[in-house]
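# below are the sequence and a predicted model for it; my questions follow.
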Amino acid sequence: MSGETRAHTLLVERLIAHVQAKHRPPRGLLVLADHHSFGSNRPQQIAGYTPDLFASDLPATFEVIGEAKTMADLQSDRSQRQIRTFLDYLSLRPQASFYLVVPPFQRQRSAAILDMLRVPAHSNVLVEVIDGV
């Protein structure tokens, strides 16, 4: 999280709130986030990339990965490799969701980029793009 912009921090906060509101399993939700309010409770790296958010119920019956991206960041090769890596990881889980939160009015363009990154192996992963702060 060090060196992140205020805009990115606000997007991560929106992502956390969205996942906590959407996923309410009976035994509770484990949420790890790359955000100062989570202290050392941060997601583990997946193939060298740290997601902004990881969530699951306990015992794990589903997994969630979330990313917050500005439009310039989303268009970078690094971010696109990162997202493909997360989708590859989630495609091996029986119940998996990937959330991408982007700045206001960027949902449609971001969804198009995300669609280009997906391959048939990712078809079992629920994907949602959220815009706004």
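Arrived safely.

# what residues are up against the spatially closest residue to Arg14 that is not a sequence neighbour?
Spatial nearest neighbour of Arg14, chain neighbours left out: Val101 (5.2 Å); criterion: Cβ to Cβ, 6 or more residues apart in numbering. The way it works is simple: take the backbone N, C-alpha and C, and place the C-beta from them, glycine included. Contact analysis of Val101 by Cβ atoms under 8 Å, 6 or more residues apart in numbering lists Leu11, Val12, Arg14, Leu15, His18, Gly66, Glu67, Ala68, Lys69, Val129, Ile130, Asp131.

# 10 Å - rerun?
8, 10-19, 52-53, 66-69, 107, 110, 128-133 (Cβ atoms under 10 Å, 6 or more residues apart in numbering).

# what segments of the chain are helices?
Ranges of helices in the chain, per DSSP state H, are 6-22, 71-74, 77-91, 107-117.

# circling back: filter the contacts of Val101 down to the buried ones.
Using 16 or more other Cβ atoms under 10 Å as the burial test, these include 8, 11-16, 18-19, 52-53, 66-69, 107, 110, 129-131 as buried.

# so where is the chain shaky, pLDDT-wise?
For the chain, the stretches flagged by pLDDT under 70 are 1-3, 133.

# so which bits of stretch 88-106 are buried?
For stretch 88-106, the neighbour count (16+ other Cβ under 10 Å) marks 89-91, 93, 96-103, 106 as buried.

# switch those over to a markdown table; also include distance to Leu114.
Shown next, in a markdown table, are the buried residues of stretch 88-106 (distance: Cβ to Cβ, whole Å):
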| residue | distance to Leu114 |
| --- | --- |
| Tyr89 | 15 |
| Leu90 | 13 |
| Ser91 | 14 |
| Arg93 | 18 |
| Ala96 | 15 |
| Ser97 | 13 |
| Phe98 | 8 |
| Tyr99 | 11 |
| Leu100 | 6 |
| Val101 | 12 |
| Val102 | 10 |
| Pro103 | 15 |
| Gln106 | 11 |
